[in-house]
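S.K.: Here's a sequence, model it:
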Amino acid sequence: MKNLRKINHTSRLASLYPYIKGLPGRGNLLWLSIVFITITIVLVSLNDFSKIWIAAVSFYSILAINLLFSKIRRGLVNFRRLNGLTTIEMLLNSIGLTINYLFSEFTEFQNIGFALFSSFTALGTLLRGLVVRTLSEDDLSYSMKYCVTISALLIIPFFEPALNNLLAPIVIGQFVGNASYIVYSSTVNYFARVHGLKPIKLLSAMLAIFLEGKKDSLEELAEKLDTNSDIRVDCLIFREVGKIKPEIALIVPGFHPGPFRDFGSSILPYLIEEKLSKKGIKTVIVRGLSDHTRNIISRRDCEYVAEEISKNISSCNSKFSELSGLTMILKEGSATASLIPIGDSTLVLVTLHPNGMEDIPPEAMDGIDERNMIIVDSHNSFSQDVKELDGDGFNDIKKVLRHASKMEIDRDSELLVGYSQKMLDGYSLEEGIGPLGIRVLLFKRDKQFTALVVFDSNNAVPKVREEIMKEARSLGIEYCEVLTTDTHIVNGIKLGGRGYHPLGEVIPIKAISSSTVPALKEALANIKKMEVSRITMTFKNLKVMSNSFLEEAATKTFKSLKFLFLTIISTLIVSGIVTLLMV
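M.R.: Now for the predicted structure:
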C-alpha cells in the first residue's frame, strides 16, 4: 500500500488546475482596461477635478506601455495579458482609493485610509511583478523594466500639489510591492527547484502548453531530467488465416498516456496509430498498468517507441495460434475481471464499476504469477469523489488478479475476430473524445460473442458502460466490456475546472450509444477466422516523470504557495505600517 502514495502527488498537483484561468472577455481587453483606468482616474481626482487631466495622461499611457512591451515579445507576454493585469491592478487601486476616501470623509482616522490604500497598491504591484516574470519565462530584467515603468506612471500624477496627500502612500505601496515580488520570485527560484529546474521557469513552460499549446519550452526542460525507466508494451497481432500480413494490432502499453494535451506520451498512442495505419494495420490501443510516474516526457523517446512498435508489428514472424477459449468473469469484492483466452495468452480486463476507479499501478501485480496474462485497466468508471485508487479497491484488484493467475483455461476453439471503428460525430477533444473515436474488437467462440468497446477518452461515467452492455446484449453479444484509452490529450484543452470531461459527462449517453451500436453491428458483420501472435517489447532507459520528481514538485509547489500567502500578508502589513509611520 505504500506504493500507492505516489499517486497522491499527482492528485495534489492536479487539484491546482481549477485555478489556471484567463481573464474573461474577448479581444485584447482594451476597453475593459480603459474602464478601470477611468474609474481610478476619477477616484484619484475627487479632491480637485481640475487636475484630472494629469492622472488621465499618465494612467492612459500605461496602455501604450503595454503595447510596447507586448511587441518586445517574451514568452507568453501579449497585449491582452498585460491589459488584463492592468485591469486587475486598477481594480485594486480603485478599492484602495475608495476606502481611503471613505475614511477621509466619514472618520477621523484618515491615516488608516492612507495605509489601506498603500496596502492595496502594494498587492497590485506584487501580483503584476510575479505574473509578468512568469509570463516572460522567468526574465527578471524584462519584468523589472516593465514594473518600474508602470510604477513611475502611477506615481507621477501625485507630485501635483492638489494630489500630493496620496504621494507617500502610493510610493510606499509601489516600492514594497516591487521589492516583494523580486524577493519572493528569487527566493522560490533558489530554494524550491524541482530536480534542479527553476519553478517559475517550469510554471511558465507549463502555462505555454495550457495557454498557447506550445510545448517547446517544457520539452527542453524535460530533456534535462535524468530519471529513466523501462517501459513494457504487449501486443496481440491478428491476421487472417492463410495470409502473411498483419491486419489488426491490440496494443496494451505500460506507459501512461499523459501528462496533458500533446505533451509527452499523451501523443504516443496517436504516433503508433499513424505509423501502423500507413502500413494498413488497424489498431486498438487500450490501457495497461501504469500511473503518472510512467509518463514518457521526451519527444524523441516517443518517436522511437512508436517506430519500434510499428516495425515489430508489421514484421512479426513469431508463432501464430488459431485457438481461443470461453470468456470467464471473476469477481472479488468491488473488482471484476473478464478473462478472454486468445491464442496462448489471456486478456484480463479489470474494472471497479460501478465504483469509481483511477489508474491501476504496476504494483498491483507484485507477488502474482503473471504467466501468459495481459492485464488491461478498463478505466471505465469515473467518480468525482475518487482522485486516486484507494486501499480497498487496490486490494480487491490484487485479489481478482491473483485468482485469475491460478485459473486453468481451455483453448480448444478456432479464433474468430471482427473489427470496426466509428467516430462520435459532432464531438471533439473539448467534450472528452479523442481522435481514435470508438474501436470495437469482437471475438466469437462457438455461439458465444465477446466484445471490447474502446473509447478514446479519459475515463467514462458509469452509465456509459451500463448502456453499452445493454445494447450489446440486445444484439446477441453475451459478454461486453467498455474500456477507455485514458487519453490525456483531452486534458487541459479548457482552463479551469477539472481540465477535462470523462466520457458521458458532456456528450449525451444517447449520442454515445447511437454511434456504438452501428460499430458493434459492423464488427459482427466483419467476423472471420484469424490467428494471433503475441509480442512483448521492453524499452529501456526512457525519460519519465519519476515518483521522486512528482513528490518534490508537489511538496515544493505547496510550500511555495504557503510562502506566497505569507508574502501577500507581509506585503499588505509592511506597506500599511510604513505608510502610517510616514504620513
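
S.K.: And the next helix or strand past the helix or strand bottoming out on mean pLDDT in the chain?
M.R.: The helix or strand of the chain with the poorest confidence is helix 5-14; it has a mean of 57 (mean pLDDT, DSSP states H and E). Sequence-wise, the next helix or strand downstream of helix 5-14 (DSSP states H and E) is helix 30-44.

S.K.: In that following helix, which residues are buried?
M.R.: For helix 30-44, a neighbour-count test (16 or more other Cβ atoms under 10 Å) marks L30, L32, S33, I34, F36, I37, I39, T40, I41, L43, V44 as buried. Bear in mind the C-beta positions are built from the backbone N, C-alpha and C, glycine included.

S.K.: Relative to G391, which of these is nearest.
M.R.: L32 (49.4 Å; Cβ to Cβ).

S.K.: right, and the closest one touches T87 too?
M.R.: Yes - between L32 and T87 there is a contact under Cβ atoms under 8 Å: 5.3 Å.

S.K.: list the residues that contact both of the two?
M.R.: Applying Cβ atoms under 8 Å, 6 or more residues apart in numbering, one finds that L32 and T87 are jointly contacted by L23.

S.K.: could the buried residues of helix 30-44 go into CSV alongside pLDDT?
M.R.: As requested, these are arranged in CSV below (pLDDT from 0 to 100):
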residue, pLDDT
L30, 95
L32, 95
S33, 96
I34, 97
F36, 97
I37, 97
I39, 96
T40, 96
I41, 96
L43, 95
V44, 93
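
S.K.: ok, so of the residues you listed, who is nearest L524?
M.R.: Closest to L524, out of all of those and judged by Cβ to Cβ, is L32, at 57.0 Å.

S.K.: Tell me the spacing between that closest one and R26.
M.R.: Between L32 and R26 the computed distance is 10 Å (Cβ to Cβ, to the nearest Å).

S.K.: so what's V574 up against?
M.R.: A122, V176.

S.K.: List the buried residues of whichever helix or strand it is part of.
M.R.: Using DSSP H and E, V574 maps to helix 547-582. If you call a residue buried by 16+ other Cβ under 10 Å, then helix 547-582 has these buried ones: 547, 549-554, 556-557, 560, 563, 567-568, 570-572, 574-576, 578-579.

S.K.: I'd like the mean pLDDT over it, please.
M.R.: Across helix 547-582, the average pLDDT comes to 92.

S.K.: before we move on, what about stretch 293-300?
M.R.: pLDDT averaged over stretch 293-300 gives 91.

S.K.: Quick check: end-to-end length of it?
M.R.: With Cα to Cα, to the nearest Å applied, stretch 293-300 spans 18 Å between its terminal residues.

S.K.: So what's the gap between it and the chain middle?
M.R.: 14 Å (Cα atoms, centre = their mean, to the nearest Å).

S.K.: do the same with stretch 166-186
M.R.: With Cα atoms, centre = their mean, you get 34 Å for stretch 166-186.

S.K.: What of stretch 413-431?
M.R.: Using Cα atoms, centre = their mean, the offset of stretch 413-431 from its chain centre is 25 Å.

S.K.: So which bits of that stretch are buried?
M.R.: Buried, per 16+ other Cβ under 10 Å, within stretch 413-431: 413, 415-422, 424, 427, 429, 431.

S.K.: Out of those, list just those in strands.
M.R.: If you go by DSSP state E, the buried residues of stretch 413-431 have S413, L416, V417, G418, Y419, S420, Q421, K422 in strands.

S.K.: State the pLDDT value of the spatially closest residue to A162 that is not a sequence neighbour.
M.R.: Take A162 and drop its neighbours on the chain: the residue closest to it by Cβ to Cβ, 6 or more residues apart in numbering is D48, 4.0 Å away. On pLDDT, D48 comes in at 81.
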